[in-house]
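Participant: Just need the structure, nothing else, for what follows:
(one chain, ligands or ions: 2)
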Amino acid sequence: MTQRISLTRYLIEKQRGHEGKADAPGAIPPQLRLLLEVVARACKSISLAVTKGALGGVLGAAESENVQGEIQKKLDIIANEVLIEANEWGGHLAAMASEEMEGIYTVPNRYPQGEYLLMFDPLDGSSNIDVNVSIGTIFSVLIKAPEGPSVSEQDFLQPGHKQVAAGYCIYGPQTTLVLTVGDGVAMFTLDREQGSFVLTQENVRVPEDTKEFAINMSNMRHWDAPVKRYIDECLQGTEGPRGKDFNMRWIASMVADVHRILTRGGVFMYPWDKREPEKPGKLRLMYEANPMGWLIEQAGGAATDGKQRILDIQPTKLHQRVSVILGSKNEVDRVTRYHAEAA
Ligand code: AHM
Ligand code: MG
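Facilitator: Ligands and ions are numbered 1, 2, ... in the order given. Predicted coordinates for the structure are as follows:
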């Protein structure tokens, strides 16, 4: 029988790599291993709550709005609390930030403070919760700059290429944790009977070419010319300049759309549009675009905002929004080129 590799064993082997060769890519220090174990444990709890659905009384809206002015769902709040409670006492973190909290959450004084910063979208795809469609948790890990004992929002404002770990957990027909620590992408499927994540795919690769795109087509009339040009050409199929037919998918959960792209390729776009022209896009840079962008790059794909690499954007705000184009490299390069030609 092939031996099963648990997430715990996978991470311990990564840590040994660190002890052997501290600067080896993907080698992780013990505190980062602990952090990732704790995030995975929190995701198991969230998965359990999601699975119970109406039986657990967790569906529907809460009576509150988040910092983005969006009505919070009960599960948004539950997932946020699970992640905070799991992570605050372990001694590995300095602070956390979340889509569901306006400011940063500093680890309380009664617990030891570590050097890591954890950001998350506790439950992405909130509009899909009540309709039983895949949703997920997205997370990103940074290191706090060493100067000074106190931690502030400023510590979080680092570009995505500074991430030391990133991933998501998708709650779908299977619960799958997808992780990078900078040496490729690995996937772990939750064995519900055993209660553990088991390595089910390593060295995930996104094909460079694709015939599948994901975009919310109902916003077409609001798009900018380069995005419209790209989609128009896809829609023309074999009769158009691309000379091939394209397929469209839009799940409206970024985790599910990105998971499909990591599995079989494709291009995902949530571009700037004219509905709210002052906002650079709908999705958030720090805890949506950066972790997903890094995962996609680690799997051989690309991620830009149309003009530059997402991971090179210098953030100025915790809840900053960004235009997102990510997935199969040749398609992302093409959309980015269309933006340059239009400029
Ligand atoms: P959320 O974090 O509030 O759930 O919003 C993010 C989601 C993404 O998962 C998804 O790609 C997008 O919003 C869907 O937007 P729309 O409903 O406009 O299609
Ligand atoms: Mg989200």
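
Participant: which SS class is Phe197?
Facilitator: Classification of Phe197 by DSSP: H, G, I helix; E, B strand; the rest coil places it in strand.

Participant: pretty sure Leu179 belongs to a helix, no?
Facilitator: No. Under three-state DSSP, Leu179 sits outside any helix and is assigned strand.

Participant: Could you list which residues are in contact with the residue in the chain that ligand 1 sits nearest to?
Facilitator: Among the residues of the chain, Met254 lies nearest to ligand 1; the distance is 3.4 Å by CB to the nearest ligand atom. Every residue, glycine included, has its C-beta placed from N, CA and C. If you count contacts by CB atoms under 8 Å, 6 or more residues apart in numbering, Met254 has them with Asp124, Gly125, Ile138, Phe268, Tyr270, Leu283, Glu288, Met292.

Participant: What is the burial count for the first one?
Facilitator: This means Asp124. Applying other CB atoms under 10 Å, we find 28 residues neighbouring Asp124.

Participant: and the top helix by length along the chain, what other elements does it pack with?
Facilitator: Under DSSP state H, the helix in the chain containing the largest number of residues is helix 30-52. Counting contacts by 3 or more CB pairs under 8 Å, 6 or more residues apart in numbering; DSSP states H and E, helix 30-52 is packed against helix 7-20, helix 74-87, strand 116-124, strand 135-143, strand 165-171, strand 175-180, strand 186-191.

Participant: let's see it at 6 Å
Facilitator: Here helix 30-52 is seen to pack against helix 7-20, helix 74-87, strand 135-143, strand 165-171 when contacts are counted using 3 or more CB pairs under 6 Å, 6 or more residues apart in numbering; DSSP states H and E.

Participant: Next, the angle helix 7-20 makes with the last one.
Facilitator: Read that as strand 165-171. 180 degrees (axes from the mean of the first three to the mean of the last three CA atoms, to 10 degrees).

Participant: Is strand 165-171 positioned near ligand 1?
Facilitator: No. Counting by CB under 6 Å from any ligand atom, no contacts exist between strand 165-171 and ligand 1, the nearest distance being 10.4 Å.

Participant: pLDDT of that strand, averaged?
Facilitator: Average pLDDT, strand 165-171: 98.

Participant: Parallel or antiparallel, list what pairs with that strand.
Facilitator: Based on DSSP bridges, the pairing partners of strand 165-171 within the sheet are strand 135-143 (antiparallel), strand 175-180 (antiparallel).

Participant: in whichever helix or strand comes after the longest one, what's buried?
Facilitator: Same thing as strand 135-143. If you walk from strand 135-143 toward the C-terminus, the next helix or strand you reach (DSSP states H and E) is helix 153-156. Using 16 or more other CB atoms under 10 Å as the burial criterion, the residues of helix 153-156 that qualify are Asp155, Phe156.
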